[in-house]
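# no sequence on hand, only this structure:
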DNA sequence: TCAATAGTGTCTGTTAGACATTATGGA
DNA sequence: TCCATAATGTCTAACAGACACTATTGA
């Protein structure tokens, strides 16, 4: 990399879409654009990113981007893909995109340059950034049944109603309470703790944690839940 | 595939894992390593790749890599991700990985430098290449219920038994014939043609094609088919 | 007490898997 | 004819969704 001339154009950047539950939907962490350098003055918010400095790996880069934007502790991240369409605020050709899931209630910001936006209330974004955000959310959604991503949006212990709300939020539809719990029990996914939480009126809810038991993929029939 | 001089470190390459069904399992297209320039002389096969020339997009790059390796017509490709661990045969820091699915019976090679290998009978690969291959296969497998990837491994018309074999190959387990067909019918995924095919003994099978009807995602309950 | 939420038991229609049966060709 | 494969009907156990009900707290 250092053999290349000091180009105006970075070869690639690592961009991080951080998501957290907020007001019954997802919220994304955006960075205020410092100057008016961009051609499109109306775009004032961008997806946080970093560029490689000295042989850092992609994972380290994504972690650094996260540390710079949320002050929060390490959160779960996974790579989404590489994007090249449209301009990037940092001038990079390629955006290597990571999505990070921040547990409910831990969505902080490191400075005033960062802010969380609900997906239904987004500021204007460039084409590439908008596409990256959309693909990030889809990636999380589509892995919902395969990977325990819903749990990454919750603290270590949670109530089953909270867990169901996360699933409903990600799936975009209501779920049946009894069925949801039966499926959870069948998969031995969660383990009860001996704590309860009382919130406002109503019976207190028992707190659960993600189970530690080895689960194996059920030998269930094939479903053709194709999109489109 | 005209390569940059080896001394120059490419910022990134586009690598393509082409997969096709072969002998009841998947096979991958590899390129013979031309010279003995690598440190590890035992590695003689690599995943085909290209490097950017003049502002080509990622998709175009992957298509070019494919055209260079299989002489075949355009096949279905999708991006898998970006990899940076370990050395790359072309010296690139980053590998942007695409997976291409080549229909059964169309797995040709463009020259003697390329060869198809069954996954159970692979030659030695570098760490990054081995990882990329593994992730590619997993990506196809994991999207099986969401995207019609199985059909990309078949010609335009096929028998239901062939389709089931592809699913079994990808899932790594046997499926129930009647259930498989019921699920297909329920999803209105395939449409019968008026052709039949007789192969060896036994009753001839009707040929089907992928249906054109709009399918929407069923409002089915949540499954927790978590891995590991 | 009422209101609100947690958690569970029961019923029913649907579906996955097992099994059996028919259909249709080749050896 | 026997054999192999396609295609389909029937039965049953499991499960998803609906509904009702109990449980437990705060107002």
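Thanks, I have the structure now. Please read all numbers here as calculations on a predicted model, not as lab measurements. Numbers count the residues shown, from 1 in each chain, chains lettered A, B, ... in the order given.

# switch to C-alpha atoms for all contacts and neighbour counts from now on
Will do.

# now stretch A:127-147, how far from the centre of its chain.
On the basis of C-alpha atoms, centre = their mean, to the nearest Å, stretch A:127-147 sits 8 Å off its chain's mean C-alpha point.

# please apply the same query to stretch A:96-116.
Taking C-alpha atoms, centre = their mean, one finds stretch A:96-116 lying 9 Å from the centre of the chain it belongs to.

# now do the end-to-end distance for that stretch.
End-to-end distance of stretch A:96-116 (C-alpha to C-alpha, to the nearest Å): 21 Å.

# quickly check: that stretch near chain B or not.
Yes - Stretch A:96-116 comes into contact with chain B when judged by C-alpha under 8 Å from any C-alpha of the partner chain, the residues involved being residue A:96.

# may I see the buried residues of that stretch?
With burial defined by 16 or more other C-alpha atoms under 10 Å in any protein chain shown, the residues of stretch A:96-116 counted as buried are A:96-104, A:106-109, A:114-116.

# which strands and helices sit next to the longest strand seen in chain A?
In chain A, with assignment by DSSP state E, the single longest strand is strand A:12-22. Helices and strands touching strand A:12-22, as assessed by 3 or more C-alpha pairs under 8 Å, 6 or more residues apart in numbering or on different chains; DSSP states H and E, comprise strand A:25-32, strand A:49-51, helix A:58-69, strand A:94-101.

# adding mean pLDDT, write those out as CSV.
Formatted as CSV, the entries for the helices and strands packed on strand A:12-22 read as follows, by pLDDT from 0 to 100:
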stretch, mean pLDDT
strand A:25-32, 96
strand A:49-51, 93
helix A:58-69, 93
strand A:94-101, 96
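
# any buried residues in the longest helix that chain A contains, and which?
Using DSSP state H to assign secondary structure, the helix with the most residues in chain A is helix A:127-142. Judged by neighbour count (16+ other C-alpha under 10 Å), helix A:127-142 contains these buried residues: A:128-129, A:132-133, A:135-137, A:139-142.

# and the end-to-end length of stretch A:67-85?
Stretch A:67-85 has its terminal residues 27 Å apart, counting by C-alpha to C-alpha.

# so after the longest helix of chain A, what's the next helix or strand?
Counting by DSSP states H and E, the next helix or strand C-terminal to helix A:127-142 is helix A:149-152.

# just checking, what packs against that following helix?
With contacts defined as 3+ C-alpha pairs under 8 Å, 6+ apart, the packing partners of helix A:149-152 are helix A:160-171.

# what packs against the helix it packs on?
With contacts defined as 3+ C-alpha pairs under 8 Å, 6+ apart, the secondary structure elements packing on helix A:160-171 are strand A:25-32, helix A:149-152, helix A:177-187, strand A:205-210.

# next, format the ones you listed as TSV and append mean neighbour count and distance to DNA strand D.
Written out in TSV, the entries for those read as follows (neighbours: other C-alpha atoms under 10 Å in any protein chain shown; distance: least, C-alpha to the nearest atom of the strand, whole Å):
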stretch	mean neighbour count	distance to DNA strand D
strand A:25-32	21	21
helix A:149-152	20	18
helix A:177-187	14	5
strand A:205-210	18	9
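
# which one of these lies closest to residue B:66?
Closest to residue B:66 of the helices and strands packed on helix A:160-171 is helix A:149-152 (C-alpha to C-alpha; 33.9 Å).

# show me what the closest one is in contact with.
Outside helix A:149-152, the residues within contact range by C-alpha atoms under 8 Å, 6 or more residues apart in numbering or on different chains are A:75-76, A:101-103, A:140, A:143-144, A:163, A:166-167, A:210.

# if we go to 7 Å?
Contacts of helix A:149-152 from elsewhere in the structure, counted by C-alpha atoms under 7 Å, 6 or more residues apart in numbering or on different chains, are A:76, A:101-103, A:140, A:144, A:166-167.

# from one end of stretch A:76-91 to the other, what's the distance?
Start to finish, the residues bounding stretch A:76-91 are 27 Å apart (C-alpha to C-alpha).

# cool, and stretch A:100-109?
Start and end residues of stretch A:100-109 are separated by 14 Å (C-alpha to C-alpha).

# contacting residues around it?
Contacts for stretch A:100-109 (C-alpha under 7 Å, 6+ apart): A:16-21, A:69-72, A:75-78, A:115, A:152-155.

# again, but for stretch A:50-68
A:12-16, A:48-49, A:98, A:110, B:84.

# among the residues you listed, which ones are buried?
A:12-16, A:48-49, A:98, B:84.

# in a markdown table: those, plus distance to DNA strand D.
Output for the buried ones among the contacts of stretch A:50-68, formatted as a markdown table (distance: C-alpha to the nearest atom of the strand, whole Å):
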| residue | distance to DNA strand D |
| --- | --- |
| A:12 | 44 |
| A:13 | 42 |
| A:14 | 39 |
| A:15 | 37 |
| A:16 | 34 |
| A:48 | 38 |
| A:49 | 40 |
| A:98 | 32 |
| B:84 | 40 |
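
# beta-bridge partners for the closest residue to residue A:118 other than its chain neighbours, please?
Taking C-alpha to C-alpha, 6 or more residues apart in numbering or on different chains as the measure, residue A:118 lies nearest to residue A:27, with 4.0 Å between them; neighbours along the chain are not counted. Under the criterion DSSP bridges, residue A:27 forms beta bridges with residue A:20, residue A:118.

# residue A:27: what's it in contact with?
Residues near residue A:27 by C-alpha under 7 Å, 6+ apart: A:19-21, A:116-119.

# in TSV: those, plus distance to DNA strand D and pLDDT.
TSV is the format used below for the contacts of residue A:27 (distance: C-alpha to the nearest atom of the strand, whole Å; pLDDT from 0 to 100):
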residue	distance to DNA strand D	pLDDT
A:19	27	97
A:20	25	97
A:21	23	96
A:116	30	96
A:117	30	97
A:118	28	97
A:119	26	97
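
# of these, which is the most crowded?
With neighbours defined as other C-alpha atoms under 10 Å in any protein chain shown, the most crowded of the contacts of residue A:27 is residue A:19; it has 27 neighbours.

# pretty sure it contacts residue A:28?
Yes - shown here, residue A:19 and residue A:28 form a contact pair, counting by C-alpha atoms under 7 Å, at 4.7 Å.

# what are the structural domain limits within chain A?
When chain A is parsed with automatic domain parsing, its domains come out as A:12-142, A:154-210.

# residues from chain A in reach of DNA strand C?
Taking C-alpha under 7 Å from any atom of the strand as the criterion, chain A approaches DNA strand C at residues A:159-162, A:177-178, A:181, A:201-207, A:219-223.

# pick out the shakiest of the domains of chain A, pLDDT-wise.
Between the domains of chain A, the lowest average pLDDT goes to domain A:12-142, which shows a mean of 90.

# and that domain, end to end?
Span of domain A:12-142 from end to end, C-alpha to C-alpha: 26 Å.

# ditto for stretch A:69-76
15 Å.

# okay, buried residues for that stretch please.
Within stretch A:69-76, the residues that qualify as buried are A:69-70, A:72, A:75, counting by 16+ other C-alpha under 10 Å.
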